[in-house]
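*Asks:* sequence? don't have it. structure:
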């Protein structure tokens with residue numbers, strides 16, 4: 001593809017030879033002749049002079065480039081769109097594989113592909129152009145929208161509802177039982193029937209081996225456009241807002257309420273029945289024992305405002321020295337107080353005499 005054609009399709013401005021032939025995309029360090037690369041983070045500006053790429057996507061304020069450039073207001077986003085152009089998603093022919101088991105009562109939309117050894121249970125409804133890759137299981141009474149894609153070993157449990165353009169990566173489970181048990185008078189654990197469902201709204205991606213628990217009663221909901229990374233746990237009756245990111249190994253205890261456009265970085269843990277406000281950011285490995293206000297940036301355990309956490313972290317290595325200094329000062333204070341205490345005691349004895 002000519003650089004000029006690529007620029008037109010991405011809506012970018014060309015700097016350099018518009019007739020350059022672009023054959024692929026790659027990162028700055030890996031790119032070779034014919035590749036398009038990108039610069040979105042100023043930290044990597046020094047690498048630009050070393051890249052072997054033929055062209056680069058860069059912001060309008062990124063400075064002069066030593067190679068042909070596509071100037072973009074959103075270089076990372078436009079590079080992502082370029083990847084789509086050079087590496088389109090594979091297409092799957094409509095039809096049901098002979099080894100798949102599909103209930104006669106299931107409704108399968110036009111253009112759908114049901115792959116090898118998949119199972120679609122009774123009264124399931126699946127929209128048009130859906131793809132169930134292989135070994136995908138959809139339990140009874142589930143309702144799934146258009147352009148659904150489920151990779152191998154994904155599971156949609158009974159009664160759950162999934163919107164349009166939802167993507168389940170390998171091993172994702174929607175609607176598994178919530179972790180609910182009541183203690184009996186004898187001290188045993190009685191399983192609480194998880195009678196609710198999980199609802200996944202439009203344009204959500206749930207990545208590998210992530211589990212969305214169904215509600216004990218009511219609904220567990222993942223809002224439109226949210227993205228859940230690998231190994232995320234969403235507890236029963238939780239709610240996740242729109243365009244929110246839950247990164248790897250995030251855990252939400254039951255009845256957590258996460259707002260819109262929130263970012264929970266890797267290994268963040270949220271205690272149950274808490275609310276995290278719209279636009280909040282929790283940095284990696286934060287433990288959240290209380291509500292977080294909208295727009296806040298919190299870190300650490302217990303999670304606190306990021307600036308306070310940074311100051312605390314800076315102080316931690318000095319705590320042993322500070323402790324020794326406090327002890328030394330305490331000894332000095334005690335030594336100064338002893339003569340005064342003895343003097344007061346002598347004075348009191350004289351008064352008694």
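*Replies:* Perfect, thanks for sending it. The structure displayed is predicted, hence computed values, not measured ones.
*Asks:* can you list the weak-confidence ranges in this protein?
*Replies:* Applying pLDDT under 70 to the chain flags residues 340-346, 350-353.
*Asks:* quick one, domains of it?
*Replies:* 3-86, 95-308, 318-352 (automatic domain parsing).
*Asks:* so which of those is the most surrounded?
*Replies:* For these, the largest average neighbour count (mean count of other Cβ atoms under 10 Å) is found in domain 95-308, namely a mean of 19. To be clear about C-beta, it is placed using only N, CA and C from the backbone, and glycine gets the same treatment.
*Asks:* ends of it, how far apart?
*Replies:* Start-to-end span of domain 95-308 (Cα to Cα, to the nearest Å) is 58 Å.
*Asks:* give me the distance from it to the chain's centre.
*Replies:* Counting by Cα atoms, centre = their mean, to the nearest Å, domain 95-308 is centred 12 Å from the centre of its parent chain.
*Asks:* mind listing the helices in this structure by residue range?
*Replies:* All helices of the chain, identified by DSSP state H, fall at 3-10, 75-86, 306-315, 319-352.
*Asks:* packing partners of the second one?
*Replies:* Using 3 or more Cβ pairs under 8 Å, 6 or more residues apart in numbering; DSSP states H and E as the contact criterion, the elements in contact with helix 75-86 are helix 3-10, strand 24-25, strand 35-39, strand 55-58.
*Asks:* how about those in TSV, adding distance to residue 122?
*Replies:* Converted to TSV, the helices and strands packed on helix 75-86 look like this (distance: least, Cβ to Cβ, whole Å):
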stretch	distance to residue 122
helix 3-10	45
strand 24-25	45
strand 35-39	48
strand 55-58	50
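*Asks:* residue 230 contacts residue 247, doesn't it?
*Replies:* No: using Cβ atoms under 8 Å, residue 230 is not in contact with residue 247, being 9.0 Å away.
*Asks:* what about residue 56, distance to residue 347?
*Replies:* 86 Å (Cβ to Cβ, to the nearest Å).
*Asks:* hang on, the earlier thing: residue 132: which of the helices of the chain is closest?
*Replies:* With Cβ to Cβ, the closest approach to residue 132 among the helices of the chain belongs to helix 75-86: 22.7 Å.
*Asks:* centre of the chain versus that closest one, how much separation?
*Replies:* 21 Å.
*Asks:* what's near enough to touch the nearest residue to residue 254 once chain neighbours are set aside?
*Replies:* Spatially, and ignoring its direct neighbours in sequence, residue 254 is nearest to residue 235 (3.9 Å; Cβ to Cβ, 6 or more residues apart in numbering). Counting by Cβ atoms under 8 Å, 6 or more residues apart in numbering, residue 235 touches 178-179, 213, 220, 251-256, 272.
*Asks:* over to residue 226?
*Replies:* Residue 226 makes contacts with 201, 204, 240-246, as judged by Cβ under 8 Å, 6+ apart.
*Asks:* could you redo the last one with a cut-off of 6 Å?
*Replies:* 204, 240, 244 (Cβ atoms under 6 Å, 6 or more residues apart in numbering).
*Asks:* what's the spacing between it and residue 250?
*Replies:* The spacing between residue 226 and residue 250, counted by Cβ to Cβ, is 12 Å.
*Asks:* hey, what's the residue nearest the centre of the chain bridged with?
*Replies:* With distances taken as Cα atoms, centre = their mean, residue 246 lies nearest the centre of the chain, 2.2 Å away. Applying DSSP bridges to residue 246 yields these beta-bridge partners: residue 228, residue 264.
*Asks:* so it is in contact with residue 228, correct?
*Replies:* Yes: under the criterion of Cβ atoms under 6 Å, residue 246 makes contact with residue 228 at 4.7 Å.
*Asks:* contacts made by stretch 260-270 with the rest, please.
*Replies:* 241-252, 256, 276, 278-288.
*Asks:* if you set the cut-off to 7 Å instead, what comes out?
*Replies:* With contact meaning Cβ atoms under 7 Å, 6 or more residues apart in numbering, stretch 260-270 is reached by 223, 241-253, 256, 276, 278-288.
*Asks:* ditto for stretch 313-322
*Replies:* Nothing outside stretch 313-322 qualifies as a contact, by Cβ under 7 Å, 6+ apart.
*Asks:* check the offset of that stretch from the chain's centre.
*Replies:* Its chain's C-alpha centre and that of stretch 313-322 lie 33 Å apart, by Cα atoms, centre = their mean.
*Asks:* any figure for the gap between the nearest residue to residue 306 once chain neighbours are set aside and residue 261?
*Replies:* In space, and not counting its chain neighbours, residue 306 is closest to residue 297: 4.2 Å by Cβ to Cβ, 6+ apart. Residue 297 is 13 Å from residue 261, where distance means Cβ to Cβ.
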